[in-house]
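# Following is a predicted model, sequence given first.
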Amino acid sequence: MTAGTSQQRRHRRRMPRVLAAIGTCAIGLAAAAPPAVAAQPAPEQWYLDPMQAEAMWKVSTGKGVKVAVIGFGVSASTPSLQGQVLPGKDITKNGAGTETDDRDGQGTTTAELIAGTGNGGGIRGLAPGSKIVPYRVPVRSLKEPAPLRDPVHAAIKAAADSDAKIINISLVSDHVLGSSVMEEDVYQYAAKKGKLVIAGVGDNAKTGNKAQYPAARGSVVGVAAMGPDGKVADFSHRGKDVNLTAPGVKVPRWCDATFKKYCEGQGTVAAAALASAAAALVWSQHPDWTGAQVLRVLYDTADRSWGMKQDNPNFGFGVIRPRAVVLEGKGNPGKADSNADAVFVWPVFRYEPVDTASPSPAQTKPALATSSQVADTGNSTNTPFLVGGIAAALALAAGAAVVIRRRRTP
């Protein structure tokens, strides 16, 4: 434990590590099959236009940044990922496949949302110049007991020791992921090596809103999901583990591991993929920055309608807005801290003391999301904008969102 974990720092309390079972979000398991060209184009990616993706790609595409994707495999043969996937590692140790043998389609979808070229009518990644390094772990159900040494721990450790800058974990579970008996916290290990570890906060807001892993770990950047209406999705987990928000509703995904067609999907795993891509765009433009500086700027430039002296339990610091960094040069990176541990990284602005008492049940139930945020409004006034030709009038009534201070305890 370092001095950064002292009582003087305001950090989230974390549950002790326990043996974990792995769960997936919103995609059923299917037998692996050779990938084929999509029978139909991917559903419309509504968020690219308001985020000004085309303009950003003229400045930064994520080139030079490697993103490790930890999950159930990434197919390297889909049209959108051909040439985008580098050798990774198969942690399954069963000889039944490789890291490019995707068993459910989720890992491949994540990779395409980050680095897809859009070829063959496929998904266009937000950072198409970045490269994917897949780390495949065994497929297990949510209720399946974890082995004494969790393969997710080994995958994160391997990714942390690689030259990948960003580690995306496309798994969500009610139980701790990445725990390994008698070994140090692998998330802190990765953060201390300057890696950004990013994961979805979970899709359980309507079914108990229990803390989800790995986003509930203090070293992980937890990402919530929002839709074209500018609101946090009703399924997206609420609470102190939300750091950022990204599009995660009506987002294209592979329907299954046959890779024959795309479906319209949703989930915080997709939102985390887009947040990972946003980090890649910024890091590519500023290769001399540390992971902490990249994360600090993402926090600093996130779109929000509330004051800077408070956190929002639905949106965290706000909605990702890489355009503000890439095109406008906004965001203060602060000092070159080599530790990218999310609980230690704060925007350059400082919060004034606010009520740190535990939020009441009324403040934490899933029905809270009414913020006016959108993926990227194009300005700082949160004005309405068109998505897919349909005007999305934003709810601008201040006070509609219940804003509380996230607890930060040692």
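Yep, it's here.

# where exactly do the helices run in the stretch 1-150 of the chain?
53-57, 106-115 (DSSP state H, counting those that start in this stretch).

# In JSON lines: the ones you listed, plus mean neighbour count and mean pLDDT.
Any C-beta I mention is one placed from the backbone N, CA and C, and that applies to glycine too. Formatted as JSON lines, the entries for the helices of the stretch 1-150 of the chain read as follows, by neighbours: other C-beta atoms under 10 Å; pLDDT from 0 to 100:
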{"stretch": "helix 53-57", "mean neighbour count": "17", "mean pLDDT": "98"}
{"stretch": "helix 106-115", "mean neighbour count": "32", "mean pLDDT": "97"}
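
# Could you save those helices as JSON lines and add columns showing distance to Arg321?
Written out in JSON lines, the entries for the helices of the stretch 1-150 of the chain read as follows (distance: least, C-beta to C-beta, whole Å):
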{"stretch": "helix 53-57", "distance to Arg321": "11"}
{"stretch": "helix 106-115", "distance to Arg321": "17"}
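
# which intervals of the stretch 301-410 of the chain have sub-threshold pLDDT?
307-311, 349-410 (pLDDT under 70).

# any idea which element the residue most central in space within the chain lies in?
Computing the C-alpha centroid of the chain and ranking residues by C-alpha atoms, centre = their mean puts Ala272 first, at 1.8 Å. Following DSSP states H and E, one finds Ala272 within helix 268-285.

# what inclination does the next helix or strand after that helix have with respect to helix 268-285?
Scanning the chain past helix 268-285 towards its C-terminal end, the next helix or strand to appear is helix 291-301 (assignment: DSSP H and E). Angle of helix 291-301 versus helix 268-285, following axes from the mean of the first three to the mean of the last three C-alpha atoms, to 10 degrees, is 110 degrees.

# Does anything pack onto the helix or strand just after helix 291-301? Which helices or strands?
Remark: after helix 291-301, the chain's next helix or strand is helix 322-326, criterion DSSP H and E. Other elements packing on helix 322-326 under the criterion 3 or more C-beta pairs under 8 Å, 6 or more residues apart in numbering; DSSP states H and E are helix 53-57, helix 268-285, helix 291-301.

# what about the strands in this structure?
In the chain, the segments counted as strands under DSSP state E are 66-71, 89-90, 131-136, 166-169, 196-200, 221-226, 244-247, 249-254, 262-266, 385-387, 390-392.

# Export those strands as a markdown table, with columns for distance to Ser179 and mean neighbour count.
Below are the strands of the chain laid out as a markdown table (distance: least, C-beta to C-beta, whole Å; neighbours: other C-beta atoms under 10 Å):
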| stretch | distance to Ser179 | mean neighbour count |
| --- | --- | --- |
| strand 66-71 | 14 | 28 |
| strand 89-90 | 19 | 20 |
| strand 131-136 | 17 | 26 |
| strand 166-169 | 13 | 32 |
| strand 196-200 | 15 | 31 |
| strand 221-226 | 18 | 31 |
| strand 244-247 | 25 | 30 |
| strand 249-254 | 28 | 25 |
| strand 262-266 | 28 | 19 |
| strand 385-387 | 41 | 16 |
| strand 390-392 | 41 | 11 |
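
# Put together JSON lines for the ones you listed, with distance to Gly122 on each row.
Formatted as JSON lines, the entries for those read as follows, by distance: least, C-beta to C-beta, whole Å:
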{"stretch": "strand 66-71", "distance to Gly122": "16"}
{"stretch": "strand 89-90", "distance to Gly122": "24"}
{"stretch": "strand 131-136", "distance to Gly122": "14"}
{"stretch": "strand 166-169", "distance to Gly122": "18"}
{"stretch": "strand 196-200", "distance to Gly122": "22"}
{"stretch": "strand 221-226", "distance to Gly122": "21"}
{"stretch": "strand 244-247", "distance to Gly122": "17"}
{"stretch": "strand 249-254", "distance to Gly122": "9"}
{"stretch": "strand 262-266", "distance to Gly122": "8"}
{"stretch": "strand 385-387", "distance to Gly122": "21"}
{"stretch": "strand 390-392", "distance to Gly122": "24"}
